[in-house]
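# Quick one: sequence plus predicted model below, questions after.
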Protein chains: 2
Amino acid sequence: MFKSLNPLLHSELRLAVVSILVGVESADFVFLREQTGASAGNLSVQIDKLQKAGYITVEKGFKGKMPCTTCRITEQGIAAFEEYVESLKSYIGVR
Amino acid sequence: MFKSLNPLLHSELRLAVVSILVGVESADFVFLREQTGASAGNLSVQIDKLQKAGYITVEKGFKGKMPCTTCRITEQGIAAFEEYVESLKSYIGVR
DNA sequence: TAAAGTAGTTTATTTTATAAACCTAATAAA
DNA sequence: TTTATTAGGTTTATAAAATAAACTACTTTA
């Protein structure tokens, strides 16, 4: 009846991050923080989890002299997101 | 950009319970346990939270000689569910 | 009447989410 | 040029959640 929900994506902040990343080529830490409204600490932790799961890649570089962390979604991340969305539909009655 | 997700509904089991209840007049504890596959303990706790939030009513009676706990969704519960579904759509790109 | 099953609740444990505190470097102000 | 202040994070501590295990109370069956 109900498909199980991937707990890694069933988290407001991680879902928001992945949701942003599926729509863009890449996004940096500051952009993600602004878009999600999350605290830097929380975002840092959640990005780490997504990376460890292989759902995103994280590249630490510089923009000018300032550090800049760039995130990209992986194929695996896209697949997990799509499956999560399908599963969700079994709960919320969307065709 | 992202609407915040009601934490009371953003829980796999509570969401499943509410999702069932919006579609039926009422459902008893055993039915909910079977449909969700949850343990009785977990279900008991989550039903309690939904009740305390005013999202469902819980009526303890008997079916024959056996105790029987009947749950029903409230107007408030329906409204919260609908709002949750709307909010979710901002994450998963469903029209 | 003893054992097993039903319908739950309560308590304890693990996992999560989140924020607070911290670190390092860069820039701005005194 | 030292001294704040700001930017861009990470690490650690705390609070909240989910979950399972243990328990209660009663019923049915052997």
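Alright, I've got the coordinates.

# What helix or strand is the one residue sitting closest to the centre of chain A located in?
Centroid-nearest residue in chain A, with CA atoms, centre = their mean: residue A:18, separated by 2.5 Å. Element membership for residue A:18, per DSSP states H and E: helix A:12-21.

# number of nearby residues for whichever residue of chain A sits closest to DNA strand C?
Closest residue of chain A to DNA strand C, CB to the nearest atom of the strand: residue A:41 (2.3 Å). Heads up, the C-betas are built off the backbone N, CA and C, glycines and all. Neighbours of residue A:41 under the rule other CB atoms under 10 Å in any protein chain shown: 8.

# Would you check how far apart it and residue A:57 are?
Separation of residue A:41 from residue A:57 (CB to CB, to the nearest Å): 21 Å.

# What of residue A:18?
With CB to CB as the criterion, residue A:18 and residue A:57 are 13 Å apart.

# Also residue A:45?
Going from residue A:45 to residue A:57 by CB to CB gives 17 Å.

# isn't there a strand covering the residue of chain A closest to DNA strand C?
No. Per DSSP: H, G, I helix; E, B strand; the rest coil, residue A:41 lies outside any strand segment and is helix.

# now the nearest residue in space to the residue nearest to the centre of chain A that is not next to it in sequence, what's its secondary structure?
In this structure, residue A:18 finds its nearest non-sequential neighbour in residue A:81, 5.2 Å apart by CB to CB, 6 or more residues apart in numbering or on different chains. Following three-state DSSP, residue A:81 is assigned to helix.
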